[in-house]
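Peer 1: With the sequence up front, the predicted model follows.
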Amino acid sequence: DQQVKQNSPSLSVQEGRISILNCDYTNSMFDYFLWYKKYPAEGPTFLISISSIKDKNEDGRFTVFLNKSAKHLSLHIVPSQPGDSAVYFCAAPPISSGSARQLTFGSGTQLTVLP
Amino acid sequence: DAGVIQSPRHEVTEMGQEVTLRCKPISGHNSLFWYRQTMMRGLELLIYFNNNVPIDDSGMPEDRFSAKMPNASFSTLKIQPSEPRDSAVYFCASSLSRDEKLFFGSGTQLSVL
């Protein structure tokens, strides 16, 4: 059961335009969402997060929107730059009373920003 | 801080051989995670430790896989015997407890021929 889904395996965008990466989830109990970025031959790195009590979080060129009624979140990159070309994963920690918060990742979307 | 350190970066082995992947988490982090990335399944959690104790190993595919964390600064993931379908990139990550932000190593690219 894939609780976090990224249905678009790839996306190409022209430099300077907006990139929109989408993610859907099935568990309404998720209380926190994260986006990670991964370059080839490197591990994923944390990019931006959002708590379920918010519907928007902005950090420079990156904005994450959360639509709880639709169980959907999206990452907007404006303006897109060639250096943004990477695989983007959305992730959510399961509801747990444990002390560690392991993440469930989506399958990723390969973003290519064309110069 | 050097970040999460994994070794080796690349491993090529023959079917049936034992493979050991190593990880050094960030100093002070008390949670450690092993993930596997494949084209078909994306990033999937294999096992995680908290304070050196395995908490959830339900993601470990089968008995051929085992993981240990003998101390706070070292963990291993062992596959014995290895099979071609184990070929993937294996990532180790660490975090502070109750912090959702994981710090990943650069991964080990495993190829089993």
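Peer 2: Here it is on my side, so go on. Since we're looking at a predicted model, the values are computed, not measured.

Peer 1: And for the closest residue to chain B within chain A, the neighbour number?
Peer 2: Of all residues in chain A, A:Gly43 sits closest to chain B, at 2.9 Å by CB to the nearest CB. For every residue, glycine as well, the C-beta is placed using N, CA and C. Counted with other CB atoms under 10 Å in any protein chain shown, residues neighbouring A:Gly43 total 22.

Peer 1: now it, nearest residue through space, not along the chain?
Peer 2: Spatially, and ignoring its direct neighbours in sequence, A:Gly43 is nearest to B:Phe104 (2.9 Å; CB to CB, 6 or more residues apart in numbering or on different chains).

Peer 1: Make sure the one you found is actually in contact with B:Val89.
Peer 2: No - judged on CB atoms under 8 Å, B:Phe104 makes no contact with B:Val89 at a distance of 10.6 Å.

Peer 1: what's the neighbour count on A:Glu15?
Peer 2: Residues near A:Glu15, counting by other CB under 10 Å: 14.

Peer 1: And A:Ser19, by the same measure?
Peer 2: Counted with other CB under 10 Å, A:Ser19 comes out at 24.

Peer 1: Excluding chain neighbours, give the residue nearest to it in space.
Peer 2: Closest to A:Ser19 by CB to CB, 6+ apart is A:Ile77, at 4.1 Å.

Peer 1: what pLDDT does that neighbour get?
Peer 2: pLDDT for A:Ile77: 98.

Peer 1: Flag the shaky bits of chain B, pLDDT-wise.
Peer 2: In the predicted model, chain B carries pLDDT under 70 at residues B:1, B:98.

Peer 1: What of chain A?
Peer 2: Using pLDDT under 70, chain A drops low at A:1-2, A:94-101.

Peer 1: Mind checking which of B:Phe104 and B:Val89 has more residues around it?
Peer 2: The neighbour count for B:Phe104 versus B:Val89, taken as other CB under 10 Å, is higher for B:Phe104 (23 against 17).

Peer 1: residue nearest the centroid of chain B?
Peer 2: B:Trp34 (3.3 Å; CA atoms, centre = their mean).

Peer 1: beta partners for that one?
Peer 2: Taking DSSP bridges as the rule, B:Trp34 bridges to B:Ile47, B:Cys92.

Peer 1: circling back: for the residue nearest to A:Ser19, name its beta-bridge partners.
Peer 2: Going by DSSP bridges, A:Ile77 forms beta bridges with A:Ser19, A:Phe62.

Peer 1: quick one: it and A:Arg17 touch, right?
Peer 2: No - applying CB under 8 Å, one finds A:Ile77 not in contact with A:Arg17, separated by 9.4 Å.

Peer 1: between those two, who's got more neighbours?
Peer 2: The residue with more neighbours, out of A:Ile77 and A:Arg17, is A:Ile77; 22 against 13, by other CB under 10 Å.

Peer 1: Report the contact partners of the more buried one.
Peer 2: Neighbouring residues of A:Ile77 by CB atoms under 8 Å, 6 or more residues apart in numbering or on different chains: A:Ile18, A:Ser19, A:Ile20, A:Leu21, A:Arg61, A:Phe62, A:Asp84, A:Leu111.
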